[in-house]
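A.B. asks: I'll drop the sequence and a predicted model, then ask my questions.
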Amino acid sequence: MSHTTRPLAEGEQGTDRVLRLSAVGQHYGDHHVLHDITLTVPAGQLLCVVGPSGCGKSTLLRTIAGLLPAHEGTVTIGDDPVDGVPDSLAVVFQDYGRSLFPWLTVRDNVALPLRRRGLARAERRAEADRILDRVGLSGAARRHPWQLSGGMQQRVAIARALVCRPTLLLMDEPFGSLDAQTREDLEDLLLEVHRTDGTTIVFVTHDIDESVYVGDRVVVLSPGPGSRIVLDLPVRLSGRRDQIATRGLPEFVGLRAEVGRAVRGQGGQEI
C-alpha cells in the first residue's frame, strides 16, 4: 500500500499555525530536561520528534498536552495558551493495554470521549462505528480489548483519539511495542488517516527510519540534560510512501543518515 503526505515546512506560506512552542523549558527539581524549545507546527503537518533515549521526548509531548505545566516559556494551540488539557487535543500512548477499559466493548471505548460533547447514545455509537471502519475494525465493535491482538488494541486507541476530530493529535511512541509487520501496517494506517483527514500530528518515536517514513518534518533533540533542538528537517520524498519502494529511495537513505548523525551527536546544530 502506498500513500501521499504533505511536505510542509515550518513557516510555509498559506498554512495556519496549530501549535507554537516559545522558549519552553522543563525540569524536575534540579534536573533540567528541556531547554529553550521553540518551534511552530502548521496545520496539516505530521511532525516527528526523535532523539536519544532519555532526552525528554515524552516530557515534551506531555508539556504540549498540558499534562505537565511548562516551567519556562509558553505553549499555544491555535490562539490559546495551554493551561490544562485542551478539549481540541487527543493523545495516543504506547501502552495501549492501560489506556483502554477492559470492561467496555471496543465500540464503547471509542465512543467514550463523545459523552463530554453531549451526544445521544445512538449518535455516539454511529460515530464510533464510522471511525472503527476507518481503522479496519468494523467487525470488532462488540468485542472487548482483551479479546484483540496488540495491534488491534492500538487501532482502537487511535480510533478513540480520532473520533472527536481533534485539532491536534499527539502520539507517544505508539507503535514501539509492536512486532515489525504490525508496526508497518499501523504506519500505513496513520499515513492514510493523515492524507484523508489532514489532522495535525506530533509523533514521538525512537525509530529513525519510522520518523522519515511517516513524517513531513523531523525534529531531533540533543542528549540531556537540558535537551535542545539540534535538527529541524523537512522531509520531501518523491512519489507515494510505500514500505518497500520508499525505504529504498536514495533520498530516503540520505534523510535517514542525516537524522541518524544528529541523534548520535555527529551532525546538526542547536536551533
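C.D. replies: Cool, got the structure.

A.B. asks: can you give me the helices for the stretch 151-271 of the chain?
C.D. replies: Applying DSSP state H, counting those that start in this stretch to the stretch 151-271 of the chain gives helices spanning 180-197, 208-214, 250-263.

A.B. asks: Packed most tightly, which of the ones you listed would that be?
C.D. replies: The highest average neighbour count among those, using mean count of other Cβ atoms under 10 Å, belongs to helix 208-214 at a mean of 23. Yep, even glycine has a C-beta here, placed from its N, CA and C like the rest.

A.B. asks: List of residues touching it?
C.D. replies: 5, 46, 48-50, 175, 183, 187, 190-191, 203, 205, 218, 235, 237, 241, 243, 246-247, 252, 255-256, 259-260, 263 (Cβ atoms under 8 Å, 6 or more residues apart in numbering).

A.B. asks: Ends of stretch 40-55, what's the gap?
C.D. replies: In stretch 40-55, first residue to last residue: 20 Å (Cα to Cα, to the nearest Å).

A.B. asks: centre of the chain versus it, how much separation?
C.D. replies: 8 Å (Cα atoms, centre = their mean, to the nearest Å).

A.B. asks: domain parsing for the protein?
C.D. replies: Domain assignment for the chain by automatic domain parsing gives 2-88+168-263, 97-165.

A.B. asks: The last one: how far from the chain's middle?
C.D. replies: Put plainly, it is domain 97-165. For domain 97-165, the distance to the chain centre is 18 Å (Cα atoms, centre = their mean).

A.B. asks: same question, the longest one
C.D. replies: Averaging C-alpha coordinates over domain 2-88+168-263 and over its chain gives two centres that are 6 Å apart (Cα atoms, centre = their mean).

A.B. asks: I'd like the domains of the chain as TSV, with mean pLDDT appended.
C.D. replies: Formatted as TSV, these follow (pLDDT from 0 to 100):
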stretch	mean pLDDT
domain 2-88+168-263	89
domain 97-165	91
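
A.B. asks: Ok, which of the helices of the stretch 151-271 of the chain comes nearest residue 103?
C.D. replies: Checking the helices of the stretch 151-271 of the chain against residue 103 by Cβ to Cβ gives helix 180-197 as the closest, at 24.9 Å.

A.B. asks: Skip the chain neighbours and tell me the closest residue to residue 86.
C.D. replies: residue 77 (5.4 Å; Cβ to Cβ, 6 or more residues apart in numbering).

A.B. asks: Just list whatever residues bridge to that neighbour.
C.D. replies: residue 19, residue 80 (DSSP bridges).

A.B. asks: Next up, the contacts around it.
C.D. replies: 18, 19, 64, 86, 88, 89, 167, 168.
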